[in-house]
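Asker: Provided below are the primary sequence and the corresponding predicted coordinates.
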Amino acid sequence: MVLQSIKMALDSVLSNKMRSFLTMLGMIIGVMSLVVLVSIVNGATKSVTDSIANIGTNMLTVTIQDDKDNPMTLEEAEALEDNESVQYVAPYSRGNATAKYERTSEDISLYGTTAAYYDIKGLKLASGRFLKNADVSGSTYVAVINQTAAEELFGRIGVAGETLSLNGYHFTVIGVLEEEDSTTGNTSDRLEAYIPFTVLSKISGGSRNVETFYLSSADDKSMDKVETEITNLMYKRFSYDSDAFSVTNSSTIMETMSSVNDTMKWMLGGIAAISLLVGGIGIMNIMLVSVTERTKEIGIRKAIGARKKIILMQFLIEALLISIIGCLIGIGLSGVVVIAINGLMTSVSASISLDVVLFAMGFSAFIGVVFGMYPAYKAANKPPIEALRYTN
Amino acid sequence: MIVLDNLCKNYEIGDDVVRALDHASLHIDDGEFVSIIGPSGSGKSTLMNVIGCLDVADEGDYYLDGMSIEDYDDDELARIRNEKIGFVFQNFNLLSRLSAKENIELPLVYQQLPKEERKERVEEALRRVKLYERREHRPMELSGGQQQRVAIARALVTRPSMILADEPTGNLDSKTGDEIMKLFHELHAQGNTIVLITHDEKVADQAERKIRILDGKVYDVEKGA
């Protein structure tokens, strides 16, 4: 019986191809906007979270804004590692310099830090080694440079052991960092050099005091415990003034970002769902016309014994068929559009998730039923004699 | 067996009340070939709708095979129409998108008979109206007479208590009409109850018995030839 109804419905959809297609167009456009918009937001979310993950999700950044005439020393910062919930602490300062090698001269960003930086940031070496604690305590003039710096200054990567001049001071290059994950597309085109924290203080004429440091959690699942502890500790350390310092948790930033993106997704998805609703009204409209046009057919069917449920089902299946076929075409076209977007925009890689496809199908079916119900009900309740008497 | 007892049916058209059936009573036995004759506006169509369970009378009793029809709801009436009544209409009323075979099969589909049995009975009905070779054709591809034969096959296929034919020859030329009437005689000879509604005396005369209706009253019941 159901099979018969599906066959009849398919027949009737196909017998009026242009009308069926135009009706489906509403659904096609609705589904496309839903799937494509959500996919773009998904892609954007992924690229944002990837770049945050690149900074390191397992770390806190502590910045001291006001030292209350009691600055934090390198030793004091490093002593935070004794805390159970803390894994590594890496003080960090920045400067700029002119790097020279033979006749090549380039601007370079200097980072003064310690050995722990390597672990906190999850860096990788292309060659050589990273800074060691002995380099920091002994203030040795050694530098680890990034791949861009090696290529720009030396024209090659295997440069460990070479000597480099930074603002006139001679540094031995001990290692070259691997370029950051190239799949995210944010390879740095800046030149960077990592030197011992103590050396940067010395050559920049600044203090050995720590103004910024990174800190990683011993428990890699949760940052919350260490964040609370460090915040409390710093609060006491700086005379109970919460404005004197800031503790930033990159996973908090990530969470905020993804919640913003989630909101975006629901908002855009909601707008697209409204267009699906409009498509549904189109279906209802055409189904009402179809019911009127086929009044005679309904009369004949009823005369020879079709019960209300059968007529209802026939028209409902027809509405459902239009919405589902429209939805499938829409999903197919979304695939094409998403591939095109990915081809045109390199910064965002949109991806269609199964979730949104299932949602689109479920919602289309829902719309087919909801907007098909009234016309089908109308058809089912036509009195047979009036329907038989009807002439187009 | 059909028993009508003092049936009344009124229609309101504007302020006027039209008495389409005015205390109509009649009796049709199984296996009879009866014609109901009356001019247009006589209440003939209303009588047919009531007998065909497409409509229910306002007053009076209608018994079809002993069942009182007033007591049923729409779906039960649909089931009674499906099982007990085979309709043949003036303008054939076939579904244009279905083939002859599918049109004939439709009432059996509504009965939810198994596919094998449907096929068997459809083929039997097709042979009885001599259209087996044209079973895959759609109504548009068939002549008027052939379309009416498909409609008769559709009426026959459920093995109904009666075949209710409303002006079955009205849209056909006289030669084709004669052929259809011949088919009705054959079906009658095979034991089917046939109720033929017409305004044409020559057609009505072919029945065993003529029932005349005028202004909603069933006037005289006269024996035919």
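Answerer: Now that the structure is in, tell me what you want to look at.
Asker: what's next to stretch A:39-59, contact-wise?
Answerer: With contact meaning C-beta atoms under 8 Å, 6 or more residues apart in numbering or on different chains, stretch A:39-59 is reached by A:120-122, A:180-181, A:184, A:186, A:214-217, A:220, A:223, A:250-251, A:253-254, A:257-258, A:261, A:264-265, A:268, A:334, A:338, A:341-342, A:347-353, A:356. Where you see a C-beta, it was placed from the backbone N, CA and C, and this is true even at glycine.
Asker: Select only the buried ones of these in PyMOL?
Answerer: Restricted to buried positions by 16 or more other C-beta atoms under 10 Å in any protein chain shown, the PyMOL selection for the contacts of stretch A:39-59 reads:
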select buried, chain A and resi 120+121+180+214+215+216+217+223+250+251+253+254+257+258+261+264+265+268+334+338+341+342+348+349+350+352+356
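Asker: how about the residues of chain B near chain A?
Answerer: Residues of chain B lying near chain A by C-beta under 8 Å from any C-beta of the partner chain: B:49, B:52, B:54-55, B:74-75, B:78-79, B:81-83, B:87, B:89, B:93-95, B:97, B:106-107, B:109-112, B:154, B:158.
Asker: Strands of chain B, residue ranges please.
Answerer: B:2-13, B:16-28, B:33-37, B:59-64, B:67-68, B:85-88, B:162-166, B:194-198, B:209-214, B:217-223 (DSSP state E).
Asker: quick one, which of those is nearest to residue B:174?
Answerer: Among the strands of chain B, the nearest to residue B:174 by C-beta to C-beta is strand B:194-198 (13.6 Å).
Asker: The closest one: partners in the sheet, and parallel or antiparallel?
Answerer: strand B:33-37 (parallel), strand B:162-166 (parallel) (DSSP bridges).
Asker: of the ones you listed, which approaches residue B:13 most closely?
Answerer: The nearest among the strands paired with strand B:194-198, by C-beta to C-beta, is strand B:162-166 at 21.7 Å.
Asker: How far off centre is the closest one?
Answerer: Here the centre of strand B:162-166 is set off from its chain's centre by 2 Å, with C-alpha atoms, centre = their mean, to the nearest Å.
Asker: just stretch B:192-209 next, same as before
Answerer: On C-alpha atoms, centre = their mean, the centre of stretch B:192-209 falls 11 Å from the chain's centre.
Asker: From start to finish, how long is it in a straight line?
Answerer: 15 Å (C-alpha to C-alpha, to the nearest Å).
Asker: got it, and stretch B:53-63?
Answerer: By C-alpha to C-alpha, one end of stretch B:53-63 lies 11 Å from the other end.
Asker: In the stretch 251-392 of chain A, which residue sits nearest chain B?
Answerer: Nearest to chain B in the stretch 251-392 of chain A, going by C-beta to the nearest C-beta, is residue A:305, at a distance of 2.3 Å.
Asker: which one is that residue nearest to, not counting chain neighbours?
Answerer: Excluding the flanking residues, the one nearest residue A:305 by C-beta to C-beta, 6 or more residues apart in numbering or on different chains is residue B:82, at 2.3 Å.
Asker: can you pull the pLDDT of the closest residue in space to residue A:141 that isn't next to it in sequence?
Answerer: Distance criterion C-beta to C-beta, 6+ apart; nearest residue to residue A:141, sequence neighbours excluded, is residue A:171 at 4.8 Å. You'll see residue A:171 listed with a pLDDT of 92.
Asker: Next, count neighbours for residue B:32.
Answerer: 18 (other C-beta atoms under 10 Å in any protein chain shown).
Asker: what helix or strand is the residue nearest to residue A:141 on?
Answerer: strand A:169-177 (DSSP states H and E).
Asker: list the helices and strands that strand packs on?
Answerer: When contacts are defined as 3 or more C-beta pairs under 8 Å, 6 or more residues apart in numbering or on different chains; DSSP states H and E, strand A:169-177 packs onto strand A:125-128, strand A:142-146, strand A:163-166, strand A:192-196.
Asker: tell me which residues of that strand are tucked away?
Answerer: A:171, A:173-177.
Asker: pretty sure residue A:242 belongs to a strand, no?
Answerer: No: using DSSP: H, G, I helix; E, B strand; the rest coil, the secondary structure at residue A:242 is coil, not a strand.
Asker: Now do it: how many residues are near it, please.
Answerer: 11.
Asker: Relative to residue B:110, how far out is the nearest residue to it once chain neighbours are set aside?
Answerer: Nearest residue to residue A:242 in three dimensions, chain neighbours excluded: residue A:235, at 6.2 Å (C-beta to C-beta, 6+ apart). Going from residue A:235 to residue B:110 by C-beta to C-beta, to the nearest Å gives 81 Å.
Asker: ok, the two, which is more surrounded?
Answerer: residue B:110 (23 against 15).
Asker: Verify the stated contact: the more buried one with residue B:83.
Answerer: No: counting by C-beta atoms under 8 Å, residue B:110 stays clear of residue B:83, with 9.6 Å between them.
Asker: Now do the shared contacts for the two.
Answerer: In contact with both residue B:110 and residue B:83: residue A:305, using C-beta under 8 Å, 6+ apart.
Asker: would you turn the strands paired with strand B:194-198 into JSON lines with mean pLDDT and mean neighbour count?
Answerer: Converted to JSON lines, these look like this (pLDDT from 0 to 100; neighbours: other C-beta atoms under 10 Å in any protein chain shown):
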{"stretch": "strand B:33-37", "mean pLDDT": "93", "mean neighbour count": "23"}
{"stretch": "strand B:162-166", "mean pLDDT": "94", "mean neighbour count": "25"}
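Asker: could you dump those strands to a markdown table with distance to residue A:193?
Answerer: Listed next are those as a markdown table, based on distance: least, C-beta to C-beta, whole Å:
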| stretch | distance to residue A:193 |
| --- | --- |
| strand B:33-37 | 109 |
| strand B:162-166 | 101 |
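Asker: Residue A:329: which of the ones you listed is closest?
Answerer: strand B:162-166 (45.2 Å).
Asker: Using CSV, write down the CA coordinates of that closest one.
Answerer: The C-alpha trace of strand B:162-166 is given here as CSV (Å, rounded to 0.1, in the frame of the first residue of the first chain):
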residue,chain,number,x,y,z
MET,B,162,-24.5,-4.7,-7.4
ILE,B,163,-23.2,-2.8,-10.3
LEU,B,164,-24.5,0.7,-10.2
ALA,B,165,-24.3,2.3,-13.7
ASP,B,166,-25.0,6.0,-14.1
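Asker: No further questions, thank you.
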